[in-house]
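>>> next comes the sequence, and after it the predicted model I'd like to discuss.
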Amino acid sequence: MKKLINSPESVLADALAGVAAAHPELAVDVPNRVITRAVRPAAPKVALVSGGGSGHEPLHGGFVGPGMLDAACPGEVFTSPVPDQVLTAARAVDSGAGVLLVVKNYTGDVMNFRLAAELAAEEGIEVRTVLVDDDVAVRDSTWTAGRRGTGATVLVEKIAGALAERGAPLAEVAAVGERVNAASRSFAVALTAATVPAAGKPGFDLPEDEIEVGVGIHGEPGRRREKLRPARELAAEVVDTVLADHDLAAGDEVIALVNGLGGTPLLELYIVFGEVAARLAEHGVTIARSLVGNFVTSLDMAGFSLTLTKADAGLLELWDAPVATPALHRS
Amino acid sequence: MKKLINSPESVLADALAGVAAAHPELAVDVPNRVITRAVRPAAPKVALVSGGGSGHEPLHGGFVGPGMLDAACPGEVFTSPVPDQVLTAARAVDSGAGVLLVVKNYTGDVMNFRLAAELAAEEGIEVRTVLVDDDVAVRDSTWTAGRRGTGATVLVEKIAGALAERGAPLAEVAAVGERVNAASRSFAVALTAATVPAAGKPGFDLPEDEIEVGVGIHGEPGRRREKLRPARELAAEVVDTVLADHDLAAGDEVIALVNGLGGTPLLELYIVFGEVAARLAEHGVTIARSLVGNFVTSLDMAGFSLTLTKADAGLLELWDAPVATPALHRS
Amino acid sequence: MDHDTPDHAGAGTGPSTPEARALDAPLAEAWIRALAAAVDVHQRELTDLDSAIGDGDHGSNLHRGFTAVLAVLDALQPADAGAVLGRTGSTLISKVGGASGPLYGSAFRAMGAALPPSPATPAEFAGALAAGLAAVRRLGGAAPGDKTLVDAYTPALAAFERAVAGGAGLAGAASAAAEAAERGMRATTPLQARKGRASYLGPRSIGHQDPGATSTALLFRTLADVTG
Amino acid sequence: MDHDTPDHAGAGTGPSTPEARALDAPLAEAWIRALAAAVDVHQRELTDLDSAIGDGDHGSNLHRGFTAVLAVLDALQPADAGAVLGRTGSTLISKVGGASGPLYGSAFRAMGAALPPSPATPAEFAGALAAGLAAVRRLGGAAPGDKTLVDAYTPALAAFERAVAGGAGLAGAASAAAEAAERGMRATTPLQARKGRASYLGPRSIGHQDPGATSTALLFRTLADVTG
Ligand SMILES: Nc1ncnc2c1ncn2[C@@H]1O[C@H](COP(=O)(O)OP(=O)(O)O)[C@@H](O)[C@H]1O
Ligand SMILES: Nc1ncnc2c1ncn2[C@@H]1O[C@H](COP(=O)(O)OP(=O)(O)O)[C@@H](O)[C@H]1O
Ligand SMILES: [Mg+2]
Ligand SMILES: [Mg+2]
Ligand SMILES: [Mg+2]
Ligand SMILES: [Mg+2]
């Protein structure tokens, strides 16, 4: 697998140098691996810090900016950031109003952010954590690591970010983040495997006519393999799978995110979105807002994920609030 | 090659249905294959119409909206639109102030848009055409089809769109478009071939350690093959190749676009951007504005193109003007 | 074998001897239908040739176009051969796109416009074929040797004209044209392209047969088939 | 063969008989250096195991961590074995990330904190190893049978304790622990994962050896190597 890199070891540092060069509106601390807004918010506000392994771009660095994150902590490819890094970010952006950590539910992320939260609390920084766990491919049980955090992360960061921007206190910002997460479910299918630069070859082999169903965003294989089918059938299955684990009824409104995993052309994502919309209409579910594109990727993996977030007027109003980040922008 | 489609024949219609479902701010005429803004500009203004083969998304449909295009005409995958389609679009958006056609320099595009322009003129629509030809991989000579139109299209559409939005007359809007094109040069390298849905297999085979240098955006092979090298060396070669055909001197400012061809992770595009910036600094060229991401793609092709547009205060001011489209947004 | 084979489906007039035969509406329609069938059969081959030095869509472009042409021909009964070819041309222009749509579309439109309302004599049809080539060259600007469909069309037209001048009927002239088109097609292989997408490859375009020249050879071969 | 091999580079005290040997700073450092070398040698194997049921980074994660640990050990001379292991742990926490960083980091930190300032007796070291496992279980919540590094660590610790109780020295206990760790490692293959990324695969995690259990086996094997 060919990659536009200098060496597997320098991927993160080199990419951060590029982010710094491309985005004067961001401040990039390359040695500490922390991306913050170049211009600090004028008034004290709750600061949102997120992070996770690299390889999911634009998540999270692409969501730093007014209306969304205050800082992102990118780890090595598919590896959660280290506690020091998160602590550095929390220190950099805390204005006294506290810090909300948005954490995707993976063992490594949870442990590293927990250690960071302990360190930050010791320094007197008020910290809350929202754990994102929206992936219905994984059964949520005390016997497992629980559902994974995937596409809903974008919605949690956007909506909690909007509330924080308005000066809401930490408890409220955390609560709306948890509300978005609870209202969200996702599911993903992959047509190809991702290739981690250090591994140098795809994470799994997939025959020319098969897909992995229920994959995560780290190149892990999915729950099972199936034959590739037309987009219409695939989209219908994914919609039905998400709805089966969602408390949505006919008449409900959703925010629908059809997210590319990195290697799928936008043309195909639009085809999928059209079929998702058609299937949701059959279920009587209304799409109130939509998002189509590459937001939570898995390096070069081909495939898509669907996230459906049950919407109400309050969430929609925050979803529509202005945001100005490299990857999500509205005025 | 696996694709998220229903059938090769229905790719365009299905994708347009998805665009319609995802973007209430756009009006999609699926049978005629024309995408326009859902809300027409309040006052008469020059209308920008662009188009070309599909498979380059977000180009052009993703650039329809205030501050940029008025209409896009997507053809079949890698096939220019037909004259009827362009005529339908011109009719739909002409407010009496005339229509600017933004055409990429390919034989098919040029001929189809020329026939459309003749038909529109016969109907009394004032039409001007800007031909984009920025790709230095192709020598510009009367003995060839001339340089191809690639990444500069985004800059032409953005900057001419901004001027049109301010009510400038057709001649001026066309002139600024031509000025942007003349100030722009591009070059692309591919790590993998694109797979056209109807062909079902990659356009060319590329060994695991080789790249195509000087490719276009239609999956055509490039000018030559080379060994894959570290991003730093590759970026330097691409910068040097563009500069060799550009009238840029130390101290000049550029708008720099590092564009993904569809299958390359954003992480890698940022690595490339960092190396491009470093090389430009060595040449004494200053990056005034930058854009990193997938803007002019070639289906699932892995690779990138670099576009450098010599900037002056006037162009930068128009580049910075507000724009609100699915793929490019600033306030 | 009776030359009024199923390939001539739609031919409504009685058969005439090949030598005396004129191009009337049924024969023109039979030609276009045979060409549509040939494009269907050779779609993948045309696309593969275009994948090598172009963008891999020539077969599907023409297939889309001729599918639409068949629907148009099914829906109406053009009055004369000129109308058959004219409608074929305008349908190709409005359905194909790409380079081949306007080029073949303009060629058929020009042929249609050049034909008399009455069945065309071989000489009249030679004039129509010449008008078609002129339209291609006006629109596309390619000259012989540029590695385009012009390289099949030009020798085919010359052979057709020569045969007619020598007293051949439609069948004989078309057969000579088909052979010349196929020679022209094969002769594109060693050429370096100077027009169309293949020109972007520079010297790497050498060694591949031009897809448009290949479809032009089909055009003349099917003409020979339906007139023969 | 003298057991004070180059693997023990940095060991400053004279050799003692294996039976009487205590864990002092040089021996602790030799262990960590041997473990770093083993991670270097087995990096690809660990990554490949993680590719099958995880995200393909376990080898590079540990390699990055132990490279940093070596730099820390080169830069300072920890006073005692507890400091060596404590610094190893905190370096892993601040350099590795992922699941293995906090888990191995906490384990080594807990071991370091549990050791006395004086060279540790086998029994004292057994207590430190137990503190390490307790830290892993507290942080990660995994129980034996969940197909994690706990499945190698648990039997290794039990074997170490049993050997010490039976009068074995460091070398004998470590060798028993290494064998038990390797058995535990192999025993993860038929298990279905209930913790960590492999759990996402459900039944498809069966039939693959756990990468973390594999690196834990290296941890005990290198302990046996440097003490033996
Ligand atoms: N300027 C031109 N004049 C004549 N024929 C041309 C010209 N440009 C291209 N062609 C012909 O068109 C063929 C390609 O057609 P097609 O693949 O359908 O269109 P596109 O190149 O737009 O994808 C070429 O093989 C060549 O024969
Ligand atoms: N909750 C847990 N408790 C103990 N060990 C765990 C736990 N989760 C994962 N592991 C171990 O960590 C290993 C994976 O480490 P690594 O690949 O470095 O981290 P990540 O899973 O974050 O990519 C697994 O093979 C497993 O042995
Ligand atoms: Mg990992
Ligand atoms: Mg084409
Ligand atoms: Mg083509
Ligand atoms: Mg891992």
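Yep, it's here. Ligands and ions are numbered 1, 2, ... in the order given.

>>> give me phi/psi at the residue of chain C found nearest ligand 2?
Nearest to ligand 2 in chain C, going by Cβ to the nearest ligand atom, is C:Gly56, at a distance of 39.9 Å. Where C-beta positions appear, they are placed from N, C-alpha and C, glycine not excepted. Note on C:Gly56: backbone dihedrals following degrees, to the nearest 10 are phi 70, psi 40.

>>> got a list of what it touches?
B:Phe78, B:Val196, B:Ala198, B:Ala199, B:Gly203, B:Gly219, C:Thr47, C:Asp48, C:Asp50 (Cβ atoms under 8 Å, 6 or more residues apart in numbering or on different chains).

>>> nearest to ligand 5, of those residues?
Checking the contacts of C:Gly56 against ligand 5 by Cβ to the ion gives C:Asp50 as the nearest, at 4.4 Å.

>>> my guess is A:Arg223 contacts D:Ser205. True?
No: judged on Cβ atoms under 8 Å, A:Arg223 makes no contact with D:Ser205 at a distance of 10.7 Å.

>>> so for the residue of chain C most remote from its centre, what's the pLDDT?
In chain C, the residue that sits farthest from the middle, by Cα atoms, centre = their mean, is C:Pro203; the gap is 27.9 Å. Looking at C:Pro203, its pLDDT stands at 90.

>>> can you give me the distance of A:Asn105 to ligand 1?
48 Å (Cβ to the nearest ligand atom, to the nearest Å).

>>> who has more neighbours, A:Arg223 and D:Ser205?
D:Ser205 (23 against 18; other Cβ atoms under 10 Å in any protein chain shown).

>>> would you agree the more buried one is in contact with D:Thr148?
No: look at D:Ser205 against D:Thr148 with Cβ under 8 Å: they stay out of range, at 11.1 Å.

>>> mind listing what's buried along the helix or strand containing A:Arg179?
Using DSSP states H and E, A:Arg179 sits in helix A:170-182. For helix A:170-182, burial by neighbour count (16 or more other Cβ atoms under 10 Å in any protein chain shown) applies to A:Leu170, A:Val173, A:Ala174, A:Ala175, A:Val176, A:Gly177, A:Glu178, A:Arg179, A:Val180, A:Asn181.

>>> just the helices from chain C, written as ranges.
Assigned by DSSP state H, chain C shows helices spanning C:25-53, C:58-75, C:81-95, C:100-114, C:122-140, C:150-165, C:170-187, C:211-227.

>>> now tabulate the ones you listed in TSV and tack on mean pLDDT, mean neighbour count and distance to B:Val132.
Shown next, in TSV, are these (pLDDT from 0 to 100; neighbours: other Cβ atoms under 10 Å in any protein chain shown; distance: least, Cβ to Cβ, whole Å):
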stretch	mean pLDDT	mean neighbour count	distance to B:Val132
helix C:25-53	96	22	23
helix C:58-75	96	21	22
helix C:81-95	97	24	23
helix C:100-114	97	26	19
helix C:122-140	97	20	20
helix C:150-165	98	23	26
helix C:170-187	98	23	33
helix C:211-227	98	26	24
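
>>> what about the nearest residue to A:Arg223 once chain neighbours are set aside, how many residues nearby?
Among residues not flanking A:Arg223 along the chain, A:Gly214 sits closest, at 3.6 Å (Cβ to Cβ, 6 or more residues apart in numbering or on different chains). Other residues within reach of A:Gly214, judged by other Cβ under 10 Å, total 23.

>>> give me the distance between A:Gly214 and ligand 6.
Going from A:Gly214 to ligand 6 by Cβ to the ion, to the nearest Å gives 18 Å.

>>> and what of A:Arg139?
21 Å.

>>> any idea how far that residue is from ligand 3?
Using Cβ to the ion, we find A:Arg139 at a distance of 21 Å from ligand 3.

>>> which of the three states applies to that residue?
Classification of A:Arg139 by DSSP: H, G, I helix; E, B strand; the rest coil places it in coil.

>>> what sits against it?
A:Arg147.

>>> can you rerun that using 10 Å?
Contacts for A:Arg139 (Cβ atoms under 10 Å, 6 or more residues apart in numbering or on different chains) come out as A:Gly146, A:Arg147, A:Arg223, A:Asp245, D:Ser199, D:Tyr200, D:Gly202.
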